[in-house]
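Engineer: I would like the atomic coordinates for the input below:
(chains A and B)
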Amino acid sequence: MKIIKKILISALFVLGFNSYNVSANAECGDITIANMNWASANFMAEVDKVILEEGFGCNVELVPGATMPTFTSMQEKGEPDVAPEFWANAAIVELEAAVKEGRLHSINKAPITGLGEGWWVLPHTLAKHPELTSADEILKRPDLFPHPEDPSKGGFHICPPGWNCELSNRNHFRAWEMEAKGWAIVETGSAAGLDGSIAKAAERGENWFGYYWSPTSLVGKYNLQAVDMGEYAGKDNWDNCLSKPEQECANPKKSSWVKSEVFTVVSDNYKNTAGKAGMNYFKKRTYPGDVMNGMLVYMAEQQADGADAAVEFLVRYPEVWSKWVPKSTADKIRKGIGL
Amino acid sequence: MDFNKIPVMDRQSLRDLKKGIDQNFKEFSREYGDGIESFFDPLLSFLIWLEKLLVGAPWPIVIFAFGFLAWVGSRSYKLALGTVLSFLVIGYFGMWKNCMATVAIISVATLVCIAVGIPIGILMSKSNRAEKAILPILDMMQTIPSFVYLIPIIMLLGIGKVPGLLAVCVYALPPIVRLTNLGIREVDKETLEASEAFGATTMQKLRTVQIPLSLPTIFAGVNQTIMMALAMVVIASMIGVKGLGIPILQAISNQYLASGLMNGLAIVALAIIFDRVTQQYGQRIQKHRGQKK
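Structural biologist: Sure thing, here's the model as predicted:
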């Protein structure tokens, strides 16, 4: 009796183990992707879902996320498996440690080109005043950008209160000696306030100067132009002065914006389940900045969600995404979305 | 008919409808935005002037003025002393500038609300039809989430003081309108008849009987309006109004417990001072009336 039991158990064990292995190799298995709470990340998560499901046969589930909570969960629990657009400046030290230990892999160091923060102006301003080629040139002309409360000064739109970029913008204000050049800060109050001020200026043909970032639908919709802020004046100036509260930054030096580190981060579990093909996909998956901004405009104008935009993207830009996967996989995806 | 699924407009027409509304509003804003903006220019320069005055004047004078005003309103030395002390503490904790900006916008908002609200309240008390028409609008003003009307206001007027003031007024106007209406409607019928018997015209009745007799109620309305305006300080800061709301927003997104609490308590101190002074003033008017009887 005992022997039969043993055989049965070991047989079950072997069978179970085998079937697990088979499914993992042939079909890639279950993957969770972080669906971050902003438009571009939401869109990327939905595109990844379609491609991994249709092309690689994974079983993908999207889980809602935000930068820090998702990162903490990935670091501690290895879940979710993929963060498609992770703004790493927030947790660069922890991420490097986790990568070194092999728990996470920052697989793609530039999933979107041309992204970043900085100062922007509207294109019609540049068309009328082509001499405004750099931040220095713009700062010479406060009269072109009148402050709403004091038209004798130039208005410099900064980040809403409490955002990290609020501190750096206030320090930049001192570093570029903007007060002496006739500028004053415009408090924007909230993301809606900042966006609204840009939209209002663009719709009315007024000039606007201030802080913004890409990829965003506003950059795409109004074709905002990044201002050349010159040289990056070193890590020490940025980390120990410009990004600190004003009282901790006595002598800020003017500098271009720090490079935004945006990665696609995957868990070790993803590496094992999706295998080499799945890893290669994320390595190659780079969105050109203008395509990304165009999709964000589509989402905003059509009031579409990420899933709609993902299908629209796959239909509209096959030449972009077919480079990310082998040809046979691309055909599978085309078939899957009914092209 | 399928009773498990509510009939829904098809996606495309719904989208077109929404886009059409947005587009029309954008065109309206392009066409009339500048005009509307310059209409509010006097208000803006008054706000800037008041804020500069409060921030620029020597602090002992400003604090003394506040204490004096508190005493004039309440005739209570305790309250005047409390006012002076609270402003000293607010200044000591480095919130002076923001506090003055908040006082400036709250005072102007209250004045605007009184100037607009009392006539509307009188109109409502005179005509049942006007009351029926205006009441739902007041309900809407008090309940509609502020960002719903803030976005169009930003498109029209940009960010800053004037849109902030409008946002505050939309929320703070209803109590004074409601209570003016109520106060006048509650005036004793017999007193009115007496004045009619003396041949008073409608304007005379209003000026000499109805408004004086309803002043305590109207004052309760002013008091409520100020309280509501103070409750909107943080929302107003979200569209670029300087004041105590800005450090609170900073505190919220960075979990600065102490800074949030300090600025929040400064708003509470302002609210208590305004509330007690206006309430005491209202009670004094009532006492006065009691003696007359």
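
Engineer: what are the boundaries of the helices in the stretch 201-339 of chain A?
Structural biologist: A:217-222, A:235-237, A:268-284, A:289-302, A:306-316, A:318-321, A:327-336 (DSSP state H, counting those that start in this stretch).

Engineer: so which of the ones you listed comes closest to residue A:112?
Structural biologist: For the helices of the stretch 201-339 of chain A, distance to residue A:112 was read as C-beta to C-beta. The smallest value, 5.2 Å, belongs to helix A:289-302. C-betas here are computed from N, CA, C, even on glycine.

Engineer: where do the strands sit along the stretch 51-200 of chain A?
Structural biologist: For the stretch 51-200 of chain A, applying DSSP state E, counting those that start in this stretch gives strands covering A:59-65, A:82-87, A:104-108, A:116-121, A:154-157, A:183-186.

Engineer: format those as JSON lines; extra columns: mean neighbour count.
Structural biologist: Converted to JSON lines, the strands of the stretch 51-200 of chain A look like this (neighbours: other C-beta atoms under 10 Å in any protein chain shown):
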{"stretch": "strand A:59-65", "mean neighbour count": "17"}
{"stretch": "strand A:82-87", "mean neighbour count": "26"}
{"stretch": "strand A:104-108", "mean neighbour count": "21"}
{"stretch": "strand A:116-121", "mean neighbour count": "20"}
{"stretch": "strand A:154-157", "mean neighbour count": "25"}
{"stretch": "strand A:183-186", "mean neighbour count": "21"}
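
Engineer: distance to residue B:170 and mean pLDDT for these - can I get that in a markdown table?
Structural biologist: Below are the strands of the stretch 51-200 of chain A laid out as a markdown table (distance: least, C-beta to C-beta, whole Å; pLDDT from 0 to 100):
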| stretch | distance to residue B:170 | mean pLDDT |
| --- | --- | --- |
| strand A:59-65 | 33 | 91 |
| strand A:82-87 | 36 | 91 |
| strand A:104-108 | 47 | 90 |
| strand A:116-121 | 31 | 92 |
| strand A:154-157 | 24 | 94 |
| strand A:183-186 | 23 | 94 |
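
Engineer: please identify which of those strands is closest to residue B:244.
Structural biologist: Of these, nearest to residue B:244 by C-beta to C-beta is strand A:183-186, at 17.5 Å.

Engineer: how many other residues sit next to the nearest residue to residue A:160 once chain neighbours are set aside?
Structural biologist: Spatially, and ignoring its direct neighbours in sequence, residue A:160 is nearest to residue A:190 (4.9 Å; C-beta to C-beta, 6 or more residues apart in numbering or on different chains). Residues lying near residue A:190 (other C-beta atoms under 10 Å in any protein chain shown) number 23.

Engineer: need the phi and psi values for residue A:190.
Structural biologist: When quoted as degrees, to the nearest 10, the phi and psi of residue A:190 stand at phi -160, psi 170.

Engineer: report the contact partners of residue B:71.
Structural biologist: Residue B:71 makes contact with B:77, B:79-80, according to C-beta atoms under 8 Å, 6 or more residues apart in numbering or on different chains.

Engineer: quickly find the element holding the residue sitting nearest the centre point of chain B.
Structural biologist: In chain B, the centroid-proximal residue (C-alpha atoms, centre = their mean) is residue B:172; its distance is 3.5 Å. Element membership for residue B:172, per DSSP states H and E: helix B:161-185.

Engineer: and the very next helix or strand once past that helix, average pLDDT?
Structural biologist: Using DSSP H and E, the helix or strand that follows helix B:161-185 towards the C-terminus is helix B:189-197. The predicted model assigns helix B:189-197 a mean pLDDT of 89.

Engineer: number of residues surrounding the closest residue to residue A:119 other than its chain neighbours?
Structural biologist: Closest residue to residue A:119 apart from its sequence neighbours, by C-beta to C-beta, 6+ apart: residue A:227 at 4.1 Å. By other C-beta under 10 Å, 24 other residues sit near residue A:227.

Engineer: does residue A:227 touch residue A:122 like I think?
Structural biologist: No. The pair residue A:227 / residue A:122 is not scored as a contact, 11.1 Å apart, by C-beta atoms under 8 Å.

Engineer: count the neighbours of the closest residue to residue A:202 other than its chain neighbours for me.
Structural biologist: Spatial nearest neighbour of residue A:202, excluding adjacent residues (C-beta to C-beta, 6+ apart): residue A:222 at 4.3 Å. Residue A:222 is flanked by 20 other residues according to other C-beta under 10 Å.

Engineer: before we move on, what about residue A:335?
Structural biologist: Residue A:335 has 11 nearby residues by other C-beta under 10 Å.

Engineer: then residue B:230?
Structural biologist: By other C-beta under 10 Å, 23 other residues sit near residue B:230.

Engineer: for it, give its distance to residue A:224.
Structural biologist: Going from residue B:230 to residue A:224 by C-beta to C-beta, to the nearest Å gives 37 Å.

Engineer: do the same with residue A:209
Structural biologist: From residue A:209 over to residue A:224 (counting by C-beta to C-beta), the distance is 11 Å.

Engineer: biggest helix in chain B by residues?
Structural biologist: Taking DSSP state H as the criterion, chain B has its longest helix at helix B:257-292.

Engineer: re the thing from before, isn't the residue nearest to the centre of chain B up against residue B:235?
Structural biologist: No. Between residue B:172 and residue B:235 there is no contact under C-beta under 8 Å: 11.2 Å.

Engineer: what segments of the stretch 51-200 of chain B are helices?
Structural biologist: Under DSSP H, counting those that start in this stretch, the stretch 51-200 of chain B gives helices at B:59-74, B:77-92, B:96-126, B:128-143, B:146-157, B:161-185, B:189-197.

Engineer: buried sites along the second one?
Structural biologist: In terms of neighbour count (16 or more other C-beta atoms under 10 Å in any protein chain shown), helix B:77-92 has its buried residues at B:79-80, B:82-84, B:86-87, B:90-91.

Engineer: chain center to stretch B:142-152: distance?
Structural biologist: 15 Å (C-alpha atoms, centre = their mean, to the nearest Å).

Engineer: skipping adjacent residues, who's closest to residue B:121 in space?
Structural biologist: Nearest non-adjacent residue to residue B:121, counting by C-beta to C-beta, 6+ apart: residue B:180, 2.6 Å away.

Engineer: per-residue pLDDT, the residue of the stretch 1-150 of chain A found nearest chain B?
Structural biologist: For the stretch 1-150 of chain A, the residue positioned closest to chain B under C-beta to the nearest C-beta is residue A:148, at a distance of 4.5 Å. pLDDT for residue A:148: 87.

Engineer: and the one 3 residues further on, by the same measure?
Structural biologist: For residue A:151, the pLDDT comes out at 88.
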